[in-house]
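*Asks:* got a structure for you, letters missing:
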């Protein structure tokens, strides 16, 4: 059975692969699993049909038979448990890979989201220029901890896993901030993720949607 | 084998059960699983021995034989998979319960964390009084979506699950903000979680640590 995911009809990132369907596409590509995509408009995301699949009215969602899922982390984990290639076989190593997924979303990403919110919603606020460096320092604290853990390893814990997939996705949101370049091993880590053939296929697929939308 | 978790020697919340060991204690109590606690000071959390267990230098951690885990979400999920009582038997319902765990951490909590950060780190900033209502509105948006989904159900998706446990833990961080009372069904949902015997045992255990610390 081929799962169906949802993605933005017109992604606000213009095809930079920062919307959360990217991680789901990437996970499916790593698993070698074909998938269908249903594009949704911002208006459609707030309608009952979509809200029944995602109560927060956003993308991605994942439908497979009578299963409907939301939250990119949960979808990636579902794919990782169901198909080979994204989690180690050893039970302890699997639990640690899942820990890195949660670490990406609940420890590393919050200050990164705070920065995105500031840049989008508070850009014209009188405090923006003075406050942004404070937020950047909170991001640096997390990046420093992550950088120290990674050291000169290729991936966070042994082989590439769903934990790396999600962490690379979170770190990619810093592309335009310049912060990642302050931690060369993290910049190299993200580049290593982006060089994976499965990443490239996923990236090209979401880029094609953005290019089609911009031609409409 | 009895697992060992870590918790703050002196929790900044003074025993209100808002530190992240609370969810782990609660999950273990729901599972009926005894556990040991090792208290750590803020200085010890930044030492190599603790950083080897949690690269971000915080609590909780979870040790069980040769498994060492960090991230409360990952620990709760590990407990939920290993013991009965926190996840439904049906595979699809299990995946949805996990989706609610990710939703708690990566969709509902970020603006709540942003508020906590503002109150703690930006209280004296000249913009604080003007900015806090903007953050509160971001929280209200998420609470409104969650409230609409919950409706008059007791729990987020069928019976109580690890998804509810984590979501109640996230919402409890709003206690002093007054925001939860704007959504009576969410306030009742949190109260329903807090009324569970397993919650009470976990709460009392962390409170005992705080009271002992305040007597030293």
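*Replies:* Right, received. Where do you want to start? As the structure is a computational prediction, the values presented were derived from the model and not from experiment. Residues are numbered from 1 along each chain as shown, chains lettered A, B, ... in the order given.

*Asks:* any buried residues in the lengthiest helix in chain A, and which?
*Replies:* Secondary structure assigned by DSSP state H gives helix A:128-150 as the longest helix of chain A. Of the residues in helix A:128-150, A:131-132, A:134-136, A:138-140, A:142-143, A:145-147, A:149-150 count as buried by neighbour count, 16 or more other Cβ atoms under 10 Å in any protein chain shown. C-beta coordinates here come from the backbone N, C-alpha and C atoms, glycine included.

*Asks:* likewise stretch A:149-165?
*Replies:* Judged by neighbour count using 16+ other Cβ under 10 Å, the buried positions of stretch A:149-165 are A:149, A:150, A:155, A:156, A:157, A:160, A:161, A:162, A:163, A:164, A:165.

*Asks:* which ones among those residues are found in helices?
*Replies:* The subset of those located in helices under the criterion DSSP H comprises A:149, A:150, A:162, A:163, A:164, A:165.

*Asks:* ok, and which of these reach chain B?
*Replies:* With Cβ under 8 Å from any Cβ of the partner chain as the criterion, the members of these in contact with chain B are residue A:149.

*Asks:* quick revisit: pick the one among the buried residues of helix A:128-150 closest to residue A:48.
*Replies:* Distance to residue A:48, by Cβ to Cβ, is smallest for residue A:135 among the buried residues of helix A:128-150, at 36.1 Å.

*Asks:* quick one, what contacts that closest one?
*Replies:* Contacts for residue A:135 were tallied using Cβ atoms under 8 Å, 6 or more residues apart in numbering or on different chains; they are A:111, A:114, A:115, A:118.

*Asks:* before we move on, what SS does the residue nearest the centre of chain A have?
*Replies:* Centrality entry for chain A: nearest residue to the mean C-alpha point is residue A:169, 3.7 Å, by Cα atoms, centre = their mean. For residue A:169, the secondary-structure state derived from DSSP: H, G, I helix; E, B strand; the rest coil is helix.

*Asks:* next one, pLDDT for the residue of chain A most remote from its centre please.
*Replies:* Relative to the average C-alpha location in chain A, and by Cα atoms, centre = their mean, no residue lies farther out than residue A:126, which sits at 31.0 Å. Residue A:126 carries a pLDDT score of 96 in this model.

*Asks:* count the neighbours of the residue lying closest to it once chain neighbours are set aside for me.
*Replies:* Across the structure, with Cβ to Cβ, 6 or more residues apart in numbering or on different chains as the measure, the residue nearest residue A:126 apart from its sequence neighbours is residue B:127 (7.2 Å). Each residue near residue B:127 was counted by other Cβ atoms under 10 Å in any protein chain shown, and the total is 17.

*Asks:* quick one: the helices in chain A, in order.
*Replies:* Ranges of helices within chain A are A:21-30, A:42-45, A:48-51, A:72-82, A:91-103, A:109-121, A:128-150, A:162-171, A:184-194, A:197-214, based on DSSP H.

*Asks:* now render the ones you listed as JSON lines, adding distance to residue B:188.
*Replies:* JSON lines is the format used below for the helices of chain A (distance: least, Cβ to Cβ, whole Å):
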{"stretch": "helix A:21-30", "distance to residue B:188": "34"}
{"stretch": "helix A:42-45", "distance to residue B:188": "28"}
{"stretch": "helix A:48-51", "distance to residue B:188": "22"}
{"stretch": "helix A:72-82", "distance to residue B:188": "26"}
{"stretch": "helix A:91-103", "distance to residue B:188": "28"}
{"stretch": "helix A:109-121", "distance to residue B:188": "27"}
{"stretch": "helix A:128-150", "distance to residue B:188": "34"}
{"stretch": "helix A:162-171", "distance to residue B:188": "33"}
{"stretch": "helix A:184-194", "distance to residue B:188": "43"}
{"stretch": "helix A:197-214", "distance to residue B:188": "41"}
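
*Asks:* residue B:97: which of those is closest?
*Replies:* Nearest to residue B:97 among the helices of chain A is helix A:72-82; the distance by Cβ to Cβ comes to 9.2 Å.

*Asks:* buried residues in that closest one, which are they?
*Replies:* Going by 16+ other Cβ under 10 Å, helix A:72-82 has these buried residues: A:72, A:73, A:74, A:75, A:76, A:77, A:78, A:79, A:80, A:81.

*Asks:* does the second one touch residue A:105 like I think?
*Replies:* Put plainly, it is residue A:73. Yes. Residue A:73 is in contact with residue A:105 according to Cβ atoms under 8 Å; the separation is 5.4 Å.

*Asks:* which one of the ones in helices among the buried residues of stretch A:149-165 is nearest chain B?
*Replies:* Using Cβ to the nearest Cβ, residue A:149 is the member of these that sits closest to chain B, with 3.7 Å.

*Asks:* tell me the contacts of that closest one?
*Replies:* Here residue A:149 is in contact with A:156, B:51, B:55 (criterion: Cβ under 8 Å, 6+ apart).

*Asks:* pLDDT value on the last one, please?
*Replies:* Put plainly, it is residue B:55. Confidence at residue B:55, expressed as pLDDT, is 97.
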